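> sequence plus predicted model, see below.
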Amino acid sequence: MKLIIQSDDLGITEAVSCGIARAAREGAITCTGLFSNMPAAPFAVELMQQYPEICLGQDINLVAGRPCADPEKIPTLVQEDGSFLTSGMHRAIDQKDGNQDHMHLEDCITEMEAQVIRFCELTGKLPEYLHGHSYSSPAFREAMAQIGNKYGIPLVQDMLKEFGAVKLRKNWNKKPFSLEEQMCSDPASYITEDLEFLTHSLGFIGTHCGYVDRELFEVSSYTLIRNQDLAAVTGERIKTWIRKNKIELISYRDLLNRK
């Protein structure tokens, strides 16, 4: 089996970025996506320069922190103070309206393009992939497709579909996800006990590795679970599972190079 292990949210905070760097250094991740709009993004980019083998993409984030674009130009995405509406706020609007039409396509395109441009400013190159974060809608998905097409950046969802990648049968990431549940979660068991997963030629595992700092609690409900994910991908149980089952770790870069 060939396996992609992705760790999302690089740059959401400095602590998370340090955890992802450790996962790159000691663990099994092959890809990570940058939150280019966050204050910790420059720190994260500098940190990951030590790991050029890691495929570096763009996590399109429209729900945490402040936008890269002028908030006045993306009114359906922001609060009065100019910060993003959170994913919880978007879902509350959806429940009230009965649809997801409140997020406008042109606003999504404006902010997504601004985030890609910021990524280029920080790294000197285009993202190797685009991946959506947390909340999605028809306008979000269409905007991401348009930005990907404009800049020639592949979308994770398209690559996984094109190459027939299979995900684990169970997902340990819940919404909502209490702190108690996060502390008790055992990602390594979800991974190593899914015997059917190993019968496929290409697999995908999504994680949220990281350490926890105060800033993380201000922008994400995924907090303590990041420690659990980091422990899993750097732990001997996963490494033994990879060796025993002759799993080849690859990235999206590898997939595209083999076309």
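Everything's here; your move.

> can we go C-alpha only for contacts and neighbour counts from here?
Noted.

> helices of this protein, start to end?
For the chain, the helices defined by DSSP state H cover 14-26, 41-48, 87-97, 105-123, 138-151, 156-162, 179-184, 187-192, 214-219, 225-234, 236-244, 252-257.

> so for residue 72, which of the ones you listed sits nearest?
With C-alpha to C-alpha as the measure, helix 105-123 is the member of the helices of the chain nearest residue 72 (9.9 Å).

> what does the closest one rub up against?
The contact list for helix 105-123, computed with C-alpha atoms under 8 Å, 6 or more residues apart in numbering, reads 34, 36-37, 42, 45, 58, 60, 62, 67-69, 73-77, 125-127, 139-140, 142-144, 146-147.

> pLDDT weak spots in this protein?
The model of the chain has pLDDT under 70 over residues 259.

> what do you get if the cut-off is 90, keeping everything else the same?
27-28, 95-101, 134-136, 171, 173-176, 256-259 (pLDDT under 90).

> ok so, going back, okay if I get the helices of the chain as CSV plus mean neighbour count and distance to residue 203?
Formatted as CSV, the helices of the chain follow (neighbours: other C-alpha atoms under 10 Å; distance: least, C-alpha to C-alpha, whole Å):
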stretch, mean neighbour count, distance to residue 203
helix 14-26, 22, 19
helix 41-48, 19, 24
helix 87-97, 14, 28
helix 105-123, 20, 27
helix 138-151, 17, 23
helix 156-162, 13, 9
helix 179-184, 14, 24
helix 187-192, 17, 11
helix 214-219, 13, 29
helix 225-234, 23, 15
helix 236-244, 14, 12
helix 252-257, 14, 12
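
> nearest to residue 208, out of these?
Closest to residue 208 of those, according to C-alpha to C-alpha: helix 225-234, at 5.3 Å.

> just so I know, which of the helices of the chain lies nearest residue 131?
helix 156-162 (5.6 Å).

> great, nothing more from me.
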